[in-house]
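>>> Provided below for reference: sequence and predicted model.
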Amino acid sequence: MKRFEKLIVLSLLIFALTACTPADTSPQASLGKADAPVLIEEFSDFECPACGVVSPELEEVVRKNLDFVQFKYYHFPLPQHTRAFPAAEASECANEQGKFWEYSSILFKNQKNLGDDSLKQFAAKLNLDTEAFNTCFDSQVKKNKVKANLYEGRRRQVSFTPSIYVNGELVKWSGAETFEAYLNGLR
């Protein structure tokens, strides 16, 4: 019985330690006004070929409508994309320095080149504080932020990327022009 009790205590201790891991409370990467009448949320993966096309187009549409739209980006790295999770962490390190969108643009253009060294080189290319970026990335301090985005996607039953929600409703991306017309219909 003593062995069983020790196992229970050890299990509870492990649970307590993992449950107490501090959450990353940094803001979600977003564009536009917080009080905009339209909220667009994208669940995306930096290795996903479709995301590499859709995400930059969606960002462009949003930038044309910043008074009308708020856009929030959520990480949803798919398990088959082994470099998507580290790339998401790196983008959050860039976000700390106010360069999320510029960094994500580089990631989407280099989807087949997302090794650790490349992720660090992209930060240097953007003239980020590379020491701070490398410390952030190497420490995996943004792991909980990416996991929180994943959990949010799972809560919403996201099963593919990109998944785009407009005011809480899943919508199908059908191209920048069509989507812009869709937004205009919401005005």
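Ah, there it is. Numbers count the residues shown, from 1 in each chain.
>>> beta partners of Lys72?
Ser30, Glu41 (DSSP bridges).
>>> what comes into contact with stretch 89-100?
Residues outside stretch 89-100 that contact it (Cβ atoms under 8 Å, 6 or more residues apart in numbering) are 24, 26, 29, 46, 73, 75, 102-104, 107, 119-120, 122-123, 126, 128-129, 132-133, 136-137, 140-143, 145-146. The way it works is simple: take the backbone N, C-alpha and C, and place the C-beta from them, glycine included.
>>> worst-scoring helix or strand of the chain, pLDDT-wise?
helix 2-19 (a mean of 48; mean pLDDT, DSSP states H and E).
>>> rewinding a little: of the contacts of stretch 89-100, which belong to helices?
102-104, 107, 119-120, 122-123, 132-133, 136-137, 143, 145-146 (DSSP state H).
>>> ok, Pro27 to Glu42 distance?
16 Å (Cβ to Cβ, to the nearest Å).
>>> If you count surrounding residues, which of those two has more?
Glu42 (23 against 8; other Cβ atoms under 10 Å).
>>> for the residue nearest the centre of the chain, what are its contacts?
Nearest to the mean C-alpha position of the chain, counting by Cα atoms, centre = their mean, stands His75 at 2.6 Å. With contact taken as Cβ under 8 Å, 6+ apart, His75 is in contact with 43-45, 84, 88, 91-92, 145-146, 149-150.
>>> Identify the residue spatially nearest to Glu47, adjacent ones excluded.
His81 (3.5 Å; Cβ to Cβ, 6 or more residues apart in numbering).
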